[in-house]
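**Student:** Predicted model, plus sequence, below.
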Amino acid sequence: MEHPRLFTHMTQPDPVRRIRFWLALFITGLVLSGITAFPLQTELTWLVSLLHTSPFRPISEATRLLPWISRVNDALHATNATYPFLAYGTDWLAFAHLVIAVAFVGPLIDPVRNKWVITFGLIACASVIPLALIAGHVRGIPIAWRLIDCSFGAFGVIPLLLCRSMIAKLELKKASY
């Protein structure tokens with residue numbers, strides 16, 4: 001009969017694989033955030049149309065989402081018609097998300113050696129909250145929308161904290177050898 005400890009590696013998930021899963025999820029979120037920042041006018045037009053449909057209209061009006069999204073959509077159409085070069089700013093926002101996503105390829109390949117990128121990500125996630133609350137207030141963004149923006153930092157920190165914890169365990173395991 002074989003010793004059960006010989007097969008524990010088969011039943012326990014590999015920590016590096018789990019780290020890679022959470023990092024892949026985080027990278028996917030960054031890439032999607034980046035890609036969707038390019039076609040803002042098209043996306044907002046679709047969203048306004050969707051919010052006007054019968055299943056969504058009562059909710060979107062009750063939450064004041066429809067008037068806000070319609071206002072943003074109108075402003076974006078007017079701005080792009082007169083000053084299309086201003087959209088270049090959101091193009092750079094999109095690019096920044098994509099570049100930051102690339103930075104996380106390092107820990108995807110070697111989590112322990114590139115753990116500093118996880119720390120960078122945690123700092124960035126924490127920084128989202130004061131930026132959204134302060135700049136959002138200055139720019140007249142409704143508080144509900146600012147809280148949605150804050151949620152990107154609050155939810156983004158979860159996979160990174162999990163990764164940091166698993167990396168710390170990997171380091172301890174390597175140090176004990």
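**Tutor:** Yep, it's here. Remember, predicted model here, so these are calculated numbers, not experimental data.

**Student:** Poorly predicted segments of the chain, please.
**Tutor:** Applying pLDDT under 70 to the predicted model, the residue ranges of the chain that meet it are 1-13.

**Student:** ranges for the helices of it?
**Tutor:** With helices called from DSSP state H, the chain shows them at 8-11, 15-36, 40-51, 57-62, 65-82, 87-103, 105-109, 115-138, 143-175.

**Student:** For Val72, give me its contacts.
**Tutor:** Leu44 (Cβ atoms under 8 Å, 6 or more residues apart in numbering). All C-beta spots, glycine's among them, are computed from the backbone N, C-alpha and C.

**Student:** For it, give its distance to Ile141.
**Tutor:** For Val72, the distance to Ile141 under the criterion Cβ to Cβ, to the nearest Å works out to 10 Å.

**Student:** Next: Leu161.
**Tutor:** When Cβ to Cβ is the yardstick, Leu161 and Ile141 sit 27 Å from each other.

**Student:** what's the answer for Pro15, then?
**Tutor:** Relative to Ile141, Pro15 is positioned 40 Å away (criterion: Cβ to Cβ).

**Student:** One more: Pro130?
**Tutor:** Counting by Cβ to Cβ, the separation of Pro130 from Ile141 is 14 Å.
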